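Undergrad: Have a look at this fold, sequence not included:
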């Protein structure tokens, strides 16, 4: 009878340790997943910011080109009668 009780105690301890290890692994995976998602979010925000700046710079460049005297002749609209 003592062997049965001892084996139940050992079984319960092993199961408890296994549950704790699995819970710790799940929490580590969840933490790393959240960290990865935040990294992707920061990357996308950086790309959006850079693309907006590039769009503004391209518009300024085109405005400055159209202000040049010899190029503005090409971009002028012809008056229709």
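TA: Yes, it's here. This structure is a prediction, so every number in the text was calculated from the model and none was measured.

Undergrad: For the longest helix belonging to the chain, what is the distance to the chain centroid?
TA: Assignment by DSSP state H gives helix 2-67 as the longest helix of the chain. Mean-position distance between helix 2-67 and its chain equals 9 Å (CA atoms, centre = their mean, to the nearest Å).

Undergrad: just checking, what packs against that helix?
TA: Helices and strands touching helix 2-67, by 3 or more CB pairs under 8 Å, 6 or more residues apart in numbering; DSSP states H and E, are helix 69-75. (Each C-beta comes from the backbone N, C-alpha and C, glycine too.)

Undergrad: Now do the helix it packs on, average pLDDT.
TA: Mean pLDDT, computed over helix 69-75, is 63.

Undergrad: Equivalent analysis for stretch 21-35, please.
TA: Averaging pLDDT along stretch 21-35 gives 98.

Undergrad: how many neighbours does residue 36 have?
TA: When neighbours are counted by other CB atoms under 10 Å, residue 36 registers 10.

Undergrad: Likewise for residue 60?
TA: Applying other CB under 10 Å, we find 10 residues neighbouring residue 60.

Undergrad: and it, how far is that from residue 66?
TA: To residue 66, residue 60 is 11 Å away according to CB to CB, to the nearest Å.

Undergrad: pLDDT at residue 61, what is it?
TA: Confidence score, pLDDT, at residue 61: 86.

Undergrad: try residue 79
TA: Reported pLDDT for residue 79: 60.

Undergrad: Distance check, the residue most central in space within the chain against residue 34.
TA: Nearest to the centroid of the C-alpha atoms of the chain, with distances taken as CA atoms, centre = their mean, sits residue 40, at 1.1 Å. Per CB to CB, residue 40 is found 11 Å from residue 34.

Undergrad: Count residues in the vicinity of residue 9, would you?
TA: Residue 9 has 10 nearby residues by other CB under 10 Å.

Undergrad: pLDDT wise, what is it at?
TA: Listed pLDDT for residue 9 reads 96.
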